[in-house]
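K.L.:
3D, please:
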Amino acid sequence: MNNIEGKDVLVVDDSPDLLEVIELTLAHKGANVHTATSGHEALRYFFSHWPDLVILDLMMPGMDGWEVCQRIRQVSEVPLIMLTALGKDTEIVQGLEYGADEYITKPVSMSVLLSRVQAVLRRAYLYESKQKPTIYGDGYLNIDLETGKVMIEGQSIKLSAIERRLLTYLYQHAGQVLTFEQILEHVWGKGYENNPEYVHVYISNLRKKIEPDPRRPIYFLTEHGLGYRFEKQLP
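P.N.:
The predicted model follows:
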């Protein structure tokens, strides 16, 4: 299945040669590709066209990819893939914390890039098309999975697309221990079973945004050596 056809894709990198290869690869699959060689150029295009996917290099002169990612995440949950020569675990975790859906280290084959692009687009589609309406409220936390709204003591909070998918999956299995493998497969898709750090990062994000005291969680509980579970609270 080609879920790339017709999608508007913004590719940002300061290497014209790499931009050309990625553009040709995605265009061959039917995508409408726009390229940018700087962070400022990327943001100008993003805010005027609102693309379906962003592929973003981190190490660029001037405004780097970290800042571009932050600016985009302030206003949009568009699928975003970070593309960089950095490969340390700390940088990967930081990329996920900044809101990236995928983090691919260079050099990367175009077949790998295509598979990741298809995966993030598929996850976004499945979340939007198969969400079941569910409402939860306990006086502190309110969740409306139909609208995607999450409120803490009456104040709306913003979640990224992956944070929302993770919260949805945990909530729909409240009280059950979900293994890292189950969470990775249902939230990120097949092929991520060996990336438990993704789960740790996003559970930490949800705790910071939702828990009354992130150091003593009552909703997102760790089952050591197994995974996590969501625990409902009495009103």
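K.L.:
so how far is residue 160 from the residue positioned nearest the centre of the chain?
P.N.:
In the chain, the residue lying closest to the centroid (CA atoms, centre = their mean) is residue 101, at 3.1 Å. With distances taken as CB to CB, to the nearest Å, residue 101 is found 8 Å from residue 160. Quick note: C-beta positions are derived from backbone N, CA and C, even for glycine.
K.L.:
Residue 108 too?
P.N.:
For residue 108, the distance to residue 160 (CB to CB) stands at 23 Å.
K.L.:
Which one's more surrounded, those two?
P.N.:
residue 160 (20 against 14; other CB atoms under 10 Å).
K.L.:
Surely that one and residue 75 touch.
P.N.:
No - in this structure, residue 160 is not within contact of residue 75 by CB atoms under 8 Å, at 11.8 Å.
K.L.:
can you list the domains in the protein?
P.N.:
Domain assignment for the chain, taken from automatic domain parsing, gives 8-129, 131-230.
K.L.:
can I get the ones you listed in CSV with distance to residue 2 and mean pLDDT?
P.N.:
What follows is the domains of the chain, written out as CSV (distance: least, CB to CB, whole Å; pLDDT from 0 to 100):
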stretch, distance to residue 2, mean pLDDT
domain 8-129, 6, 86
domain 131-230, 17, 88
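K.L.:
okay, those, which one's buried deepest?
P.N.:
Most buried of the domains of the chain, by mean neighbour count (mean count of other CB atoms under 10 Å): domain 8-129, with a mean of 18.
K.L.:
Brilliant, that's me finished.
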